[in-house]
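Engineer: Predicted structure and sequence below. I'll ask about it afterward.
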Amino acid sequence: MITIQGLTKSFGSKMITRGLDLSVEPHEFLAIIGRSGEGKSVLLKQLIGLIKPDAGSVKLNGEDITKLRGKKRQAIFRTCGYVFQFAALLDSLNVLENIGLPLIEDGKNPEDIKPLVVEKLQSVGLAPDVLLKYPDELSGGMKKRVGLARTLMLSPQVLFYDEPTTGLDPITVRLIHELIKKTHDEQKATTIVVSHDVEIFKFATHVAMLHEGKIIYKGLAKDIWDCTNPYVHQFIRGLPEGPITQIGFV
């Protein structure tokens, strides 16, 4: 279970999260939505420990990661996987080395872990013939898949995705969403996806909306189109920004 309480973060005079609270149940598939610039990616990076909050707590299975140090911190983060917005593949490494990186860093030889890499590669719908290719030889969708395969190498209990469909065509967007759902079901992992794409509602179990530094709504994905929260209503229907009264809310 993930429990976030009073999460606060600012950069200079710009406040990003403002005492944010959120709970995510085990095996939940949560989509976090919100307008561009709301700080969705910054929120995600606070949850995974890449950015330290100014105040508040982030508890993973009862452990407050904001207070952990050393080996204990490393151990809990090995139970998590993070898929970066642009895959974050290393240009100097081939696909085999990029996917195997978590184990190579532990001293494993790339050839020794090749069977496991092939298994993870196939789980994301890619054939072994890409093993020796480099990132600049891959399409955008293939890079996303390789990034996910790398994340799966340690069989994480929690999966975080930062805008996984950015820059992809509509067909590839659907394929990536289906892959995220398939991975969620097969791994039985808790899944959190930051997205601006409303198609994610077809795959997530829950949706939460970030607005002005706080989660202003959380509910079942299947109920999202009937939500009466004015900000959610405006966002998911692609209505122009402006006073809420312009779209029939007081």
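Structural biologist: That came through, no problem. Since this is a predicted model, take the numbers as computed values, not measurements.
Engineer: Off-centre distance for stretch 146-159?
Structural biologist: Computed by CA atoms, centre = their mean, to the nearest Å, the chain-centroid distance of stretch 146-159 equals 11 Å.
Engineer: Buried residues, that stretch. List them.
Structural biologist: 146, 147, 148, 149, 150, 151, 152, 153, 156, 157, 158, 159 (16 or more other CB atoms under 10 Å). To be clear about C-beta, it is placed using only N, CA and C from the backbone, and glycine gets the same treatment.
Engineer: Repeat that for stretch 111-119.
Structural biologist: 113, 114, 117, 118.
Engineer: do stretch 166-185 as well
Structural biologist: 168, 172, 173, 175, 176, 177, 179, 180, 181, 183, 184.
Engineer: Kindly report the same for stretch 36-48.
Structural biologist: Quick answer for stretch 36-48 (16+ other CB under 10 Å): 38, 39, 40, 41, 42, 43, 44, 45, 46, 47, 48.
Engineer: got a pLDDT number for the fifth one?
Structural biologist: Looking back up the chat, that one is residue 42. If you check residue 42, the pLDDT there is 93.
Engineer: I'd say it and residue 51 touch.
Structural biologist: Yes: counting by CB atoms under 8 Å, residue 42 touches residue 51, with 6.2 Å between them.
Engineer: one step back: turn the buried residues of stretch 36-48 into a markdown table, including secondary structure.
Structural biologist: What follows is the buried residues of stretch 36-48, written out as a markdown table (DSSP: H, G, I helix; E, B strand; the rest coil):
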| residue | secondary structure |
| --- | --- |
| 38 | coil |
| 39 | coil |
| 40 | helix |
| 41 | helix |
| 42 | helix |
| 43 | helix |
| 44 | helix |
| 45 | helix |
| 46 | helix |
| 47 | helix |
| 48 | coil |
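Engineer: Counting neighbours, which bits of the helix or strand bottoming out on mean pLDDT in the chain end up buried?
Structural biologist: Least confident helix or strand, the chain: helix 70-77 with a mean of 83, by mean pLDDT, DSSP states H and E. For helix 70-77, the neighbour count (16+ other CB under 10 Å) marks 76, 77 as buried.
Engineer: repeat for stretch 57-72
Structural biologist: Counting neighbours by 16+ other CB under 10 Å, the buried set in stretch 57-72 is 58, 59, 60, 65, 66, 68.
Engineer: Between the residues you listed, which has the least confident prediction?
Structural biologist: Minimum pLDDT across the buried residues of stretch 57-72 falls on residue 68, with 84.
Engineer: A helix includes that one, no?
Structural biologist: No: in this structure, residue 68 is coil, not part of a helix, as judged by three-state DSSP.
Engineer: Excluding covalently adjacent residues, which one is nearest to it?
Structural biologist: residue 76 (6.4 Å; CB to CB, 6 or more residues apart in numbering).
Engineer: you'd agree the one you found is up against residue 66?
Structural biologist: No: between residue 76 and residue 66 there is no contact under CB under 8 Å: 11.7 Å.
Engineer: and of the buried residues of stretch 111-119, the nearest to residue 133?
Structural biologist: Residue 133 lies nearest to residue 117 out of those, by CB to CB, at 12.9 Å.
Engineer: Thank you, goodbye.
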